[in-house]
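>>> structure of the sequence below:
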Amino acid sequence: MGFVYIQAKVSGPKAEEEVRFLVDSGAKYSLLPKRIWQRIGLRAKRTETFVLTDGTFIDRDVSECLFNVLGREGHSTVILGEAKDKALLGVITLETLGMILNPFTRELQPMQLILA
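Just a heads-up that it's a prediction; the model follows:
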């Protein structure tokens with residue numbers, strides 16, 4: 001399928017930052033590298049255990065921040081990454097913003113929201 005990147009803004013208590021995200025439809029939570037989450041002033045709210053694709057378990061702190069993706073804005077959970085981590089945009093953030101990744105066009109688009 002290839003890689004899909006987007007520019008988006010994230011905001012915390014101290015600042016807002018423009019970030020280049022890899023859209024990762026296999027990741028639940030979004031992730032911010034350490035330099036970014038520290039710059040915008042995020043603090044850990046809890047620690048969660050995650051499993052990597054090779055089966056390794058790691059503990060990471062999580063928080064939440066305000067995302068602005070293609071003009072859609074909302075708060076979402078974010079993993080507080082380490083220095084070498086890359087910014088990822090996960091499906092929970094996409095769903096919070098009412099967006100999906102179209103696998104054919106490799107673009108983000110509004111999702112069909114169903115009220116049941």
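
>>> grab the nearest non-local neighbour of Trp37.
The shortest distance from Trp37 to any non-neighbouring residue, by C-beta to C-beta, 6 or more residues apart in numbering, is to Leu80 (5.1 Å). C-beta coordinates here come from the backbone N, C-alpha and C atoms, glycine included.

>>> correct me if wrong: the one you found contacts Lys34.
Yes - applying C-beta atoms under 8 Å as the test, Leu80 and Lys34 come out as touching, 7.3 Å apart.

>>> between these two, which is the more surrounded one?
More neighbours surround Leu80 than the other of Leu80 and Lys34, with 22 against 13 (other C-beta atoms under 10 Å).

>>> which SSE is Leu94 in?
Element membership of Leu94, judged by DSSP states H and E, is helix 91-96.

>>> in that helix, what's buried?
Residues Val91, Thr93, Leu94, Thr96 are the ones in helix 91-96 that count as buried (16 or more other C-beta atoms under 10 Å).

>>> quick check, Arg46 in contact with Val62.
Yes - here Arg46 reaches Val62: they are 5.9 Å apart, a contact under C-beta under 8 Å.

>>> ok, these two, which is more surrounded?
The neighbour comparison of Arg46 against Val62 (other C-beta under 10 Å) goes to Val62, with 18 against 8.

>>> how far is the strand or helix carrying that one from where the chain is centred?
Here Val62, judged by DSSP H and E, is contained in strand 57-69. Relative to its chain's centre, strand 57-69 lies at 7 Å (C-alpha atoms, centre = their mean, to the nearest Å).
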